[in-house]
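J.: Have a look at this fold, sequence not included:
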């Protein structure tokens, strides 16, 4: 669990946004909303295994290194 202990933060400015909170579904009780990549098309939120591969033939990180 992540808790906010300080109101001032760590002082580091972060302009890059990698992910966003999924706003189409409410959070389950006791949990936060799902965090998804900003690159992920919303139509694949609930069916991520049907998303086409970015690089054909590369399904894992190892595939990318071995190509």
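T.: Ah, there it is. This one's a predicted model, so the numbers in the text were calculated from it and none came from an experiment.
J.: rest of the way, CA atoms for contacts and neighbours
T.: Will do.
J.: where does the chain dip in pLDDT?
T.: Counting by pLDDT under 70, the chain contains low-confidence ranges at 1-8.
J.: What are the boundaries of the strands in it?
T.: In the chain, the strands defined using DSSP state E lie at 19-21, 35-37.
J.: So which elements touch the first one?
T.: Under the contact criterion of 3 or more C-alpha pairs under 8 Å, 6 or more residues apart in numbering; DSSP states H and E, strand 19-21 touches strand 35-37.
J.: Can you give the contact residues for the strand it packs on?
T.: If you take C-alpha atoms under 8 Å, 6 or more residues apart in numbering as the criterion, strand 35-37 is touched by 18-22.
J.: TSV for the residues you listed, including neighbour count and distance to residue 45?
T.: What follows is the contacts of strand 35-37, written out as TSV (neighbours: other C-alpha atoms under 10 Å; distance: C-alpha to C-alpha, whole Å):
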residue	neighbour count	distance to residue 45
18	10	16
19	13	13
20	13	12
21	14	12
22	17	9
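J.: Take these and write them to a markdown table, including distance to residue 32.
T.: A markdown table is the format used below for the contacts of strand 35-37 (distance: C-alpha to C-alpha, whole Å):
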| residue | distance to residue 32 |
| --- | --- |
| 18 | 17 |
| 19 | 14 |
| 20 | 12 |
| 21 | 9 |
| 22 | 10 |
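J.: Which two among the residues you listed are spaced furthest apart?
T.: Pairwise distances among the contacts of strand 35-37 were taken by C-alpha to C-alpha; the largest, 13.0 Å, belongs to 18 and 22.
J.: mind listing what residue 21 touches?
T.: Residues counted as contacts of residue 21 (C-alpha under 8 Å, 6+ apart) are 33-36.
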